[in-house]
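Student: what's the 3D shape of this:
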Amino acid sequence: MVSFSQAHREPVEEVETTVWACTSDACNGWMREEFSFSKDPTCPLCQSEMKKETRVLPVIE
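Tutor: All right, here's what the predicted structure looks like:
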């Protein structure tokens, strides 16, 4: 059964976004490129290298 609040949610606008993703198989860390303070960041969770990839994420204003 769907509750009233679930049935009447506004759709969330999503857009393709460039992110930095951790290269370690044991870590799920990632961050939006626009929130990174470095041109070549390391993972803040495990300090592994990160690589750029694209994900579809909600728009942040």
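Student: hey, what's residue 57 bridged with?
Tutor: For residue 57, the beta-bridge assignment (DSSP bridges) gives partners residue 15.
Student: Apologies, that question was intended for residue 49.
Tutor: Following DSSP bridges, residue 49 is listed with bridge partners residue 42.
Student: Could you count how many residues lie near it?
Tutor: Residue 49 is flanked by 12 other residues according to other C-beta atoms under 10 Å. Just so you know, the C-beta spots here come from the backbone N, C-alpha and C atoms, and that holds for glycine as well.
Student: All further residue positions should be reported with the first residue as 47.
Tutor: Let's use 47 as the start, then, which means that last one is residue 95.
Student: my guess is it meets residue 69, correct?
Tutor: Yes: counting by C-beta atoms under 8 Å, residue 69 is a contact partner of residue 95 at 4.9 Å.
Student: Overlap in contacts, the two.
Tutor: Jointly contacting residue 95 and residue 69 under the rule C-beta atoms under 8 Å, 6 or more residues apart in numbering are residue 89.
Student: could you dump stretch 85-94 to PDB, C-alpha only?
Tutor: Extracted as PDB, the C-alpha positions of stretch 85-94 are listed here (Å, rounded to 0.1, in the frame of the first residue of the first chain):
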ATOM      1  CA  LYS A  85      42.500  18.600  -9.300                       C
ATOM      2  CA  ASP A  86      43.600  15.000  -8.500                       C
ATOM      3  CA  PRO A  87      42.000  14.000  -5.200                       C
ATOM      4  CA  THR A  88      42.600  10.900  -3.000                       C
ATOM      5  CA  CYS A  89      39.700   9.100  -1.400                       C
ATOM      6  CA  PRO A  90      38.800  10.800   1.900                       C
ATOM      7  CA  LEU A  91      37.700   7.400   3.300                       C
ATOM      8  CA  CYS A  92      40.600   5.100   2.400                       C
ATOM      9  CA  GLN A  93      43.200   7.400   0.800                       C
ATOM     10  CA  SER A  94      43.200   5.400  -2.500                       C
END
